[in-house]
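> any chance you could fold what I've pasted below:
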Amino acid sequence: MKYSISKTFKNTLMAIFLFAATLSQAQEVQDDKYSKMLKDLLEHNVTEVSVNDLKTDDATIIFLDAREKSEYEVSHIKGAIWVGYDTFSMRYLSSIAKDAKIVVYCSVGYRSEKITQKLNAKGYKNVSNLYGGLFEWSNEKKPMVNNAGEQTTNIHPYDKQWGKWLTNGTKTYK
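Numbers count the residues shown, from 1 in each chain. As a prediction, this is how the structure comes out:
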């Protein structure tokens, strides 16, 4: 009896180990594909800041959300100002100083990179694009709020094709 319990325990541990290793490898493959997609998609011609390098407790940072309004309403970084992409206008920034610390984000960084370029062209001096965007923010389990200001894990993935890059959070197509 002792041998069968020991063998069962050993088999259970081995199964758990193999399952964990498989998950880890799958996540690494996903991370590698995501990194390659970002490398290929973005121009990388503006200052970029990663989610992990961003000092999220810095109250002087002004976050600008360059996604569609429907995406912003599902979730955004607390305190972020919606500026949109297709409807972007410099008038959204009329009260923001040209030397303010600004971080622009969208879903993965493409739209926000374009908005960052526009801000740089208009003389804003301390603007960064959030590399990996709100998807990376969500994947790193950073806090988001909904339109009512309540903490949420819901995130609008834009569409199902882009949603595959979200590994954390609840995909909400509203």
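> can you show me the helices along the protein?
For the chain, helices defined by DSSP state H occupy the ranges 2-41, 69-74, 110-121, 133-139, 160-163.
> from the contact counts, what lies against the second one?
When you say that, I think you mean helix 69-74. Based on contacts counted as 3 or more CB pairs under 8 Å, 6 or more residues apart in numbering; DSSP states H and E, there is no element that helix 69-74 packs against. Bear in mind the C-beta positions are built from the backbone N, C-alpha and C, glycine included.
> what of the fourth one?
The contact analysis (3+ CB pairs under 8 Å, 6+ apart) places helix 133-139 against strand 102-105, strand 144-145, strand 154-155.
> the last one pairs with which strands, and in what direction?
When sheet partners are counted by DSSP bridges, strand 154-155 sits next to strand 170-171 (parallel).
> how about the first one?
Strand partners for strand 102-105, identified by DSSP bridges, are recorded as strand 62-65 (parallel), strand 127-131 (parallel).
> circling back to that earlier point, mind putting the helices and strands packed on helix 133-139 in JSON lines, mean neighbour count included?
Listed next are those as JSON lines, based on neighbours: other CB atoms under 10 Å:
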{"stretch": "strand 102-105", "mean neighbour count": "27"}
{"stretch": "strand 144-145", "mean neighbour count": "18"}
{"stretch": "strand 154-155", "mean neighbour count": "19"}
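> Throw the ones you listed into a markdown table and include mean pLDDT and distance to A80, thanks.
Conversion of the helices and strands packed on helix 133-139 to a markdown table gives the following (pLDDT from 0 to 100; distance: least, CB to CB, whole Å):
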| stretch | mean pLDDT | distance to A80 |
| --- | --- | --- |
| strand 102-105 | 98 | 8 |
| strand 144-145 | 97 | 9 |
| strand 154-155 | 96 | 13 |
